[in-house]
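A.B. asks: Prediction below, plus the sequence it came from.
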Amino acid sequence: MEENSIVVNGDKKNIRRVRKKRHRSRMRVFLIYILIISLITSITFGGYYVYLYKQEEKIAEMATRDLEDLKQDLEEGGYITTDEAKKQMDDAVSSNTKDLKSQIRRYMESGEGTLTMLENLFPANIIVPNSGKYEFFDIRSDLAKTVVDYEKLNYPILNKETGKYEGEATYDGDNPAKKGVDVSKFQGDIDWKKVKNDGVEFAYIRLGYRGYESGKLALDDKYEDNIKGCNEVGIDCGVYFFTEALTEKEAIEEAEFVLENLGDYKIQLPIVIDVEESANTTKTRTKDLTKDDRTKAVIAFCEKIKSAGYTPMIYGNLKSFMVMMNISELEEFDKWFAYYRYPIRFPYKFKIWQYSATRTVDGIEGDADLNLMFY
């Protein structure tokens, strides 16, 4: 056979001619492909440019309207110069400063005191007196708020001649509050029948304490007499323990001491850990305890009480909850709040309010602590 020919169905065909035909066919396909791509690209970019044009039209229309509004404001005199704006600001500051000074003077002259003045000037803060200064805490929205309607609280009345509050606090809310007392050896011998007849519906008995210097655990001298008397007359009873724990281990030791001494006494109320500053702040063993460490110790006590099948509760005042502990870490535990000023300025949830340490209760000699228990 010849070099550049091929036999197809008995006929010779030149290879070069066949190749040329194939080449022409491929070129046609390629050109058609290019035309299609060009057409698609033109349509796509054309649409994009139309979109940009429309957006620019909208921006131009908005700018035109803004210019017209500005022109109208200028024509109507609805503007001020930079100097005029500065003068108005200076006048406002001066006016507010005079008003603030007037308020401060009014509070000072009325004798209401610095704390009351600060609470009214800074309503978004909880203000705590502490070691000769005032600490400010923002009210947190993530913490449970009180269920007590403060507007329905009836506070004791101040006797201006004696400077002391008289009468008892009562509550007109949907769920009536119960009257209660808390006692220790400092109240001496108590006639519990008279206490009950004076309208007391619950009582907290100090079970014991840890020595603020020695660190030793001790029972309250009147614990057994008081809890027996309370049980006999049918007053709902609870116990509390004054803590001086430095560590979680010591707090658990305190909780175990409480549980060991409950015996067969009837306990209807939560078991309380009392978190306060010791009377002698310079000698107390906990004077250098950090906020975090104290909080951990309190939680350890509560968890131990809870694991034994009882309900734990934390007692403290404003300083206890805001300065001495991290209140945000104590959300799951009930709180017993000691606060002797009226009206109450504490937004967070608590179950018992100790509103006085200087009241008279029949059956108790001398001053007694009075409380209201809510819900």
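C.D. replies: Yep, it's here. Owing to the predicted nature of the structure, the values given are computational and were not obtained by experimental measurement.

A.B. asks: Does the most centrally placed residue in the chain fall in a helix, a strand, or a coil region?
C.D. replies: Among the residues of the chain, Leu143 comes closest to the average C-alpha position under CA atoms, centre = their mean, at 3.2 Å. With DSSP: H, G, I helix; E, B strand; the rest coil as the basis, Leu143 sits in coil.

A.B. asks: Find the nearest non-adjacent residue to it, please.
C.D. replies: Nearest non-adjacent residue to Leu143, counting by CB to CB, 6 or more residues apart in numbering: Tyr348, 5.4 Å away. From N, CA and C alone the C-beta is placed, and that goes for glycine too.

A.B. asks: now the strands for the stretch 51-200 of the chain?
C.D. replies: Secondary structure of the stretch 51-200 of the chain (DSSP state E, counting those that start in this stretch): strands at 125-130, 133-138, 153-154, 157-159, 164-166, 170-171, 178-183.

A.B. asks: The second one packs against which elements?
C.D. replies: Right, strand 133-138. If contacts are counted by 3 or more CB pairs under 8 Å, 6 or more residues apart in numbering; DSSP states H and E, strand 133-138 sits against helix 114-121, strand 125-130.

A.B. asks: What pairs with it, parallel or antiparallel?
C.D. replies: strand 125-130 (antiparallel) (DSSP bridges).

A.B. asks: how about the strand it pairs with: buried residues?
C.D. replies: 125-128 (16 or more other CB atoms under 10 Å).

A.B. asks: just to revisit the earlier point, was I right about the residue nearest to Leu143 contacting Lys145?
C.D. replies: Yes - the pair Tyr348 / Lys145 is scored as a contact, 6.4 Å apart, by CB atoms under 8 Å.

A.B. asks: So between those two, which is more surrounded?
C.D. replies: Set Tyr348 next to Lys145 and count neighbours by other CB atoms under 10 Å: Tyr348 wins out with 19 against 11.

A.B. asks: returning to what we had before: residue contacts, the residue nearest to the centre of the chain?
C.D. replies: Contacts here follow CB atoms under 8 Å, 6 or more residues apart in numbering; on that basis Leu143 touches 327-328, 331, 348-349.

A.B. asks: let's see 7 Å
C.D. replies: 327-328, 331, 348 (CB atoms under 7 Å, 6 or more residues apart in numbering).

A.B. asks: Go through those residues and name the one nearest Glu119.
C.D. replies: Tyr348 (15.5 Å; CB to CB).
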